[in-house]
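# need coordinates for the following:
(one chain, ligands or ions: 1)
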Amino acid sequence: MLVATAVPVERDAVARAFPGPPAEPTVHRVAGLVVHRVDGSPLLDLIAAGVGPALAAASTATALTAAALAGTPYDLVVSAGIGGGFPPGAPGSAPVGSTGAPVGSLVVADEITAADLGAETAEGFVPVTELGFGTVTHRPPEALVRAIADATGATAGAVLTGSTVTGTAARAEALRARHPRALAEAMEGFGVAEAAAAHGVPVLEIRAVSNPVGPRDRAAWRIDDALAALTEGFGKLTPVLRSWNPHEP
Ligand SMILES: O=C(O)c1cccc(C(=O)CC[C@H]2O[C@@H](n3cnc4c(=O)[nH]cnc43)[C@H](O)[C@@H]2O)c1
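Here you go, the predicted model:
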């Protein structure tokens with residue numbers, strides 16, 4: 001399994017879920033990309049793939065290609081890290097009856113959607129798929145998403161990818177109007193998913209919520225709490241991944 005975070009602190013938070021010998025990470029390099037390997041079960045490679053969808057896609061594709069050429073392809077790619085959550089009762093909030101994704105909670109994506117891949121028109125935003133190109137959504141294996149939500153307490157829903165962190169109530173509302181199932185926003189998932197899809201490998205996205213999606217309030221970010229939730233979540237995930245059959249839908 002390959003886990004791609006954006007930055008080293010997120011990678012290290014995931015690694016902490018697999019502590020001590022024999023799971024002490026070893027490090028190797030692939031075309032300048034640093035790969036931390038945890039020799040446990042499942043075998044786990046961790047990369048800090050960079051911030052934003054483009055660098056995350058390039059780094060993930062590099063790791064996937066190297067593994068495939070070595071004859072040891074990955075069975076699963078996971079985009080993981082902190083993210084913004086759409087909380088209930090706030091600008092751009094989750095639908096009535098939904099728990100939303102409060103700060104400190106964990107979200108597992110049942111769809112990974114590019115929120116800003118398209119064209120602005122006089123009638124509003126048009127996704128690239130409606131312009132006749134590419135894709136804007138990747139869907140992780142349903143049974144695996146359900147099992148992860150059960151094991152970790154994560155909420156399953158849509159996770160949006162954008163190149164810009166939302167910083168206004170108006171943008172949060174526009175995103176929720178366009179994506180009513182969105183629980184979280186981050187900057188890498190769709191890029192990681194595009195790389196995985198190019199290799200025919202299933203993908204997951206797991207986000208620990210560090211801040212609400214909405215007006216920018218840097219002081220309200222709870223990065224340490226989110227990193228702790230990420231470690232705890234991955235700790236609970238391991239048995240699920242061990243028993244997962246990559247050929248299940
Ligand atoms: O201080 C700011 O306003 C600011 C602007 C751009 C980027 C940042 C970051 O800290 C990097 C974002 C990093 O973390 C993920 N993340 C966390 N919360 C969100 C969010 O609300 N919306 C989008 N991404 C978020 C993201 O995946 C990046 O890796 C700060």
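
# pLDDT value on residue 40, please?
On pLDDT, residue 40 comes in at 75.

# could you do residue 247 as well?
77.

# paired strands for the helix or strand residue 185 falls within, with orientation please.
Per DSSP states H and E: residue 185 is located in strand 182-186. Strand pairing for strand 182-186, using DSSP bridges, gives strand 77-85 (antiparallel), strand 155-161 (parallel).

# what residues sit buried inside the helix or strand following that strand?
Per DSSP H and E, strand 182-186 leads on to helix 189-198 as the next helix or strand towards the C-terminus. Under the neighbour-count criterion of 16 or more other CB atoms under 10 Å, helix 189-198 has 189, 190, 191, 192, 193, 194, 195, 196 buried. (C-beta placed from N, C-alpha, C; glycine too.)

# residues touching the strand holding residue 185, excluding its own?
Counting by CB atoms under 8 Å, 6 or more residues apart in numbering, strand 182-186 makes contact with 6, 79, 81-86, 94, 98, 100-101, 107, 109, 113, 115, 155, 157-162, 165-166, 175-176, 205, 207, 209, 213, all of which sit outside it.

# show me what from the chain comes close to the ligand.
Contact residues, the chain versus the ligand (CB under 6 Å from any ligand atom): 6, 51, 81-84, 165-166, 185-188, 210-211, 213, 216, 218.

# can you say which of those are buried?
6, 51, 81-84, 166, 185-188, 210-211, 213.

# distance check, the nearest residue to residue 146 once chain neighbours are set aside against residue 72.
Once flanking residues are discounted, residue 146 sits nearest to residue 156: 7.1 Å by CB to CB, 6 or more residues apart in numbering. Distance of residue 156 to residue 72, given as CB to CB, to the nearest Å: 30 Å.

# again with residue 32
Using CB to CB, residue 32 is found at 20 Å from residue 72.

# compare these two (neighbour count), which wins?
residue 72 (10 against 7; other CB atoms under 10 Å).

# just to revisit the earlier point, and the buried ones among the residues of the chain next to the ligand as TSV, adding pLDDT?
Putting these into TSV (pLDDT from 0 to 100) gives the following:
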residue	pLDDT
6	98
51	98
81	98
82	98
83	98
84	98
166	97
185	98
186	98
187	98
188	98
210	98
211	97
213	97
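
# which of these lies closest to the ligand?
Proximity of those to the ligand (CB to the nearest ligand atom) peaks at residue 84, which lies at 2.1 Å.

# out of the strands paired with strand 182-186, which is the most enclosed?
For the strands paired with strand 182-186, the largest average neighbour count (mean count of other CB atoms under 10 Å) is found in strand 77-85, namely a mean of 29.

# quick one: distance of that strand to the chain centre.
Mean C-alpha position of strand 77-85 versus that of the full chain (CA atoms, centre = their mean, to the nearest Å) differs by 3 Å.

# export it to PDB, keeping only CA atoms.
This file holds the C-alpha atoms of strand 77-85, laid out as PDB (Å, rounded to 0.1, in the frame of the first residue of the first chain):
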ATOM      1  CA  VAL A  77      -3.100   4.100  -2.900                       C
ATOM      2  CA  VAL A  78      -4.300   6.300   0.000                       C
ATOM      3  CA  SER A  79      -4.300  10.100   0.000                       C
ATOM      4  CA  ALA A  80      -4.200  11.200   3.600                       C
ATOM      5  CA  GLY A  81      -3.700  14.300   5.700                       C
ATOM      6  CA  ILE A  82      -5.500  17.200   7.300                       C
ATOM      7  CA  GLY A  83      -8.300  19.000   5.600                       C
ATOM      8  CA  GLY A  84     -11.100  21.500   6.000                       C
ATOM      9  CA  GLY A  85     -14.500  20.200   7.200                       C
END
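
# buried ones in stretch 135-148?
Within stretch 135-148, judged by 16+ other CB under 10 Å, the buried ones are 136, 138, 140, 141, 144, 145, 147, 148.

# ok, now stretch 49-57?
Here stretch 49-57 shows 49, 50, 51, 52, 53, 56, 57 as buried, counting by 16+ other CB under 10 Å.
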